[in-house]
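1. any chance you could fold what I've pasted below:
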Amino acid sequence: MKILRIALLAAAALLAATPALADLRIGVAAEPYSPFTAKDAGGKWVGWEIDLVDALCAGMKEKCEIVEAAWDGIITALTANKIDVIIASMSKSPKRREVIDFSDTYYTSAAVMMGAKNGDMDFSPEHLAGKTIGVQVASIHAAYPEKYYFKSATIKTYQTQDEVNQDLAAGRIDYVLANGTTLDAFLKSTQGGKLDKISATNGLTGLIITPKE
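-> Model (predicted):
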């Protein structure tokens, strides 16, 4: 609850500047990203960041609508005025800062490499030579191995994190690089039981993103 109150204060100044609408359109990635955002069996959006949206909107006395967009097109949806704000796990890159503004961080989570549960904790580029690393497209996790592992390993991109995890569990790829909190949720599943986190790399932050004024 403390994080939620901090997030409310951090976001209120940004969202208060948004013109009054019948609905404040909150953009989230269409792909399931547990435990942050996902749809339950009835098609309702649930998750930690959905709880944050509910708290923010209640605090501002705004009526809000969750609008989903593909992750690799969510910034375009914002700049094209299809949504008013994004609430998501997104890094503050210089390229993104050219077109969007970010709130203060409301959570941090390490980016983590996940592989088979076999006791092998060596994730150096040399050790991963010839291996395949799966990542979600248009994410900070896709950029990291492209910079540090491209000479030794094969980088395979997927539209959703679910697809990455499923291919790792099925043995079609060797490693996954993703948000550690999200991977924790997968590791607790039946499929994730034979996998393990093997490294922590750069950090990931949760942010509230608005169009650049």
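2. which of the helices and strands in this protein ranks last by mean pLDDT?
-> The weakest-scoring helix or strand in the chain, judged by mean pLDDT, DSSP states H and E, is helix 2-16 (a mean of 47).
3. against which helices or strands is the next helix or strand after that one packed?
-> For helix 2-16, the following helix or strand on the C-terminal side (DSSP states H and E) is strand 24-29. If you count contacts as 3 or more Cβ pairs under 8 Å, 6 or more residues apart in numbering; DSSP states H and E, strand 24-29 packs onto helix 48-60, strand 64-69, helix 74-79, strand 85-89. To be clear about C-beta, it is placed using only N, CA and C from the backbone, and glycine gets the same treatment.
4. how far does strand 24-29 sit from its chain's centre?
-> How far strand 24-29 lies from its chain's middle: 14 Å, per Cα atoms, centre = their mean, to the nearest Å.
5. could you do stretch 30-40 as well?
-> With Cα atoms, centre = their mean, you get 10 Å for stretch 30-40.
6. contacts for it?
-> Applying Cβ atoms under 8 Å, 6 or more residues apart in numbering, the contact partners of stretch 30-40 are 28-29, 45-50, 68-71, 88-89, 136, 159-162, 179, 181-182, 185-186, 206.
7. would you mind checking these for buried ones?
-> Buried by 16 or more other Cβ atoms under 10 Å: 28-29, 45, 47-50, 68-69, 71, 88-89, 136, 160-162, 179, 181-182, 185-186, 206, out of the contacts of stretch 30-40.
8. I'm done for today, thanks for sticking with me.
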